[in-house]
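1. how would this look folded up:
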Amino acid sequence: MIVLLLCSCTSRAQLIADPAVEQVSFTDLAGNSIIDTMPLGYIAQLNVPIRNLAAGNGLPAGSCKIKIGLGTKMILAPGFDLGTVNSSQFFQWTAAFVGGQVQLTGELVAPLPANYSAIAKFNVQGDVLEYSTITTNFLVSNHNTQVILSDEDPSNNTSFRQYKIIPPIPIPVDINQLAVVNTDCSLNISFTAENEINVSHFDIETSKDGSLYTTAAKLMASNRLRYSKELSISPAIAASILYIRIKSVDRDGTFKYSNTKTVDALCNRLSPLPVVFPNPVQQQHQVTVKLLQGNFTGRYTVQLYDMKGALQSTKQLLFNGQQQFDYPVGKLAAGQYIIKLVTDTDNPVILTIQKQ
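-> You can find the predicted model right below:
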C-alpha cells in the first residue's frame with residue numbers, strides 16, 4: 001500500500017524598503033537651534049529625523065523598531081508624555097533604563113508609508129555633568145509580521161550625537177515693578193525678582209541727590225517672586241525728592257541695580273528738616289525753604305549745585321528765629337539741582353529741586 005503525504009507549505013513574502021534615520025539635533029522648547037552644550041537641569045527638545053526612503057514600498061507594521069539611547073548624562077524631561085511625539089500614529093513609544101542610560105523605543109505598530117519623512121520630538125533634560133553620546137538605530141526586526149522586510153541600504157540606519165552637560169549658568173536676576181509709596185511717615189517699598197539664582201540678598205539704597213547712595217535696609221533672598229519692606233522716614237532719608245533703587249547681590253559678591261524711583265519722603269513729624277517750594281520750579285527765579293517745625297537760627301551757608309557737582313551759586317545768611325527764607329536760584333536750565341544748607345554746628349542738609 002502506498003500512502004501519499006501531501007504537504008502544504010507557505011512562506012512569508014519578501015519586501016525591500018529603506019528605513020533610515022538622520023543626524024539628531026537640539027532646539028529650545030520654542031524651536032530655536034541650540035548647541036550641544038547645555039546647563040544641568042535645562043530642558044531641551046531632541047529632534048530625531050525618521051525616514052522611509054523607499055520609493056514604492058512601505059514598512060509593514062511589526063517589521064521595525066527605533067531605539068534611541070540618551071547617553072549617561074541625559075534623561076527624559078519629567079512629565080513628558082511619549083504619546084504626544086510626532087509619528088505616534090505609527091510608532092508606540094516607551095522608555096526604560098537600559099545599560100546605564102535611558103532608552104526610548106518606538107515599535108512600528110502601523111504601516112509606515114513609502115517616502116515617509118517626519119521628525120520625532122522629545123523633551124530631554126541634562127541630569128549629570130560632562131560628555132555623553134546619543135545613539136539612534138532604526139532596526140529591521142521582523143518580529144511581528146508575516147512579511148520579511150529587507151533593508152535596501154543598512155548604512156543609513158544609525159546616527160550618533162555627542163553632547164555635554166555643564167554646571168547651571170546663573171541668570172542675572174531681573175528686578176521689576178519697583179513701587180514706593182509714602183504713607184504716614186513710612187515708605188512702603190515693593191518689587192518683583194525674577195530668575196533669582198545664587199542671589200544672597202537685596203539692598204534698598206536711598207539718595208537725596210541721585211548720586212551718593214547709602215543702604216537703608218537689607219532683605220535676604222528667599223526665592224520669592226515679590227518682596228516688600230516698610231521703611232520709616234527718619235532725618236537720614238527725609239527729603240522732598242528721595243531716590244530709591246534696589247541692589248541685588250549674588251553669593252560671589254557680584255551685583256546688579258534696578259531702575260531708580262523717586263518719592264516725596266517728607267514727614268510732618270520731623271524737625272528741623274526743611275521743605276522747599278515750589279518744586280518743581282517753573283517760571284520762578286527763587287524758591288522758599290521752610291521748616292515745618294522749629295526755626296532757623298544762626299549763620300547758614302546756602303549753596304546751589306547741579307547734578308554734576310558744579311556750584312551754581314552760594315550765599316551767606318544770618319537767621320534769628322525765622323521759620324522760612326527765600327533763596328534766589330536765577331534762570332536755571334531744565335533738570336535737577338541740589339540746595340545744600342551748611343552750619344557750623346549741624347550736619348549739612350541736602351534738598352533736591354526740579355526745574356521744568
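
2. how about the strands in the stretch 1-150 of the chain?
-> Assigned by DSSP state E, counting those that start in this stretch, the strands in the stretch 1-150 of the chain fall at 13-17, 19-21, 25-27, 37-39, 43-52, 64-69, 74-76, 91-98, 101-108, 117-126, 130-140, 147-151.

3. which residues touch the first one?
-> Read it as strand 13-17. 52, 54, 57-60, 114, 146-152 (C-beta atoms under 8 Å, 6 or more residues apart in numbering). (C-beta placed from N, C-alpha, C; glycine too.)

4. tell me the most buried of the strands of the stretch 1-150 of the chain?
-> strand 19-21 (a mean of 23; mean count of other C-beta atoms under 10 Å).

5. list the contacts of that strand.
-> Here strand 19-21 makes contact (C-beta under 8 Å, 6+ apart) with 48-53, 59, 64, 66, 112, 136-138, 140, 151, 153, 156-159.

6. now that strand: mean pLDDT?
-> Taken as a whole, strand 19-21 has a mean pLDDT of 94.

7. cool, stretch 287-299 as well?
-> On average, stretch 287-299 scores 79.

8. now do the end-to-end distance for it.
-> For stretch 287-299, the first-to-last residue distance is 19 Å (C-alpha to C-alpha, to the nearest Å).

9. for the chain, which spans come out with low pLDDT?
-> Low-confidence segments of the chain (pLDDT under 70): 1-12, 169-172, 268-273, 293-294, 345-347.

10. show me the domain layout of it.
-> Domain assignment for the chain by automatic domain parsing gives 13-166, 174-265, 274-355.

11. run the chain-centre distance for stretch 207-215.
-> In terms of C-alpha atoms, centre = their mean, to the nearest Å, the centre of stretch 207-215 is set 28 Å apart from its chain centre.

12. swap in stretch 289-306?
-> 47 Å.

13. touching it from outside, list them.
-> Contact with stretch 289-306 is made by 266, 268, 270-277, 311-327, 329, 335-345, 351, as judged by C-beta under 8 Å, 6+ apart.

14. any of the residues you listed buried? List them.
-> Buried members of the contacts of stretch 289-306, scored by 16 or more other C-beta atoms under 10 Å, are 266, 270, 273-276, 324-325, 327, 329, 336-341, 351.

15. tell me what F91 is bridged to.
-> Beta bridges link F91 to L108, judged by DSSP bridges.

16. sorry, back to before: tabulate the contacts of strand 13-17 in a markdown table, adding columns for distance to T94.
-> Listed next are these as a markdown table, based on distance: C-beta to C-beta, whole Å:
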| residue | distance to T94 |
| --- | --- |
| N52 | 21 |
| A54 | 26 |
| N57 | 27 |
| G58 | 23 |
| L59 | 19 |
| P60 | 20 |
| A114 | 26 |
| Q146 | 24 |
| V147 | 24 |
| I148 | 25 |
| L149 | 21 |
| S150 | 26 |
| D151 | 23 |
| E152 | 28 |
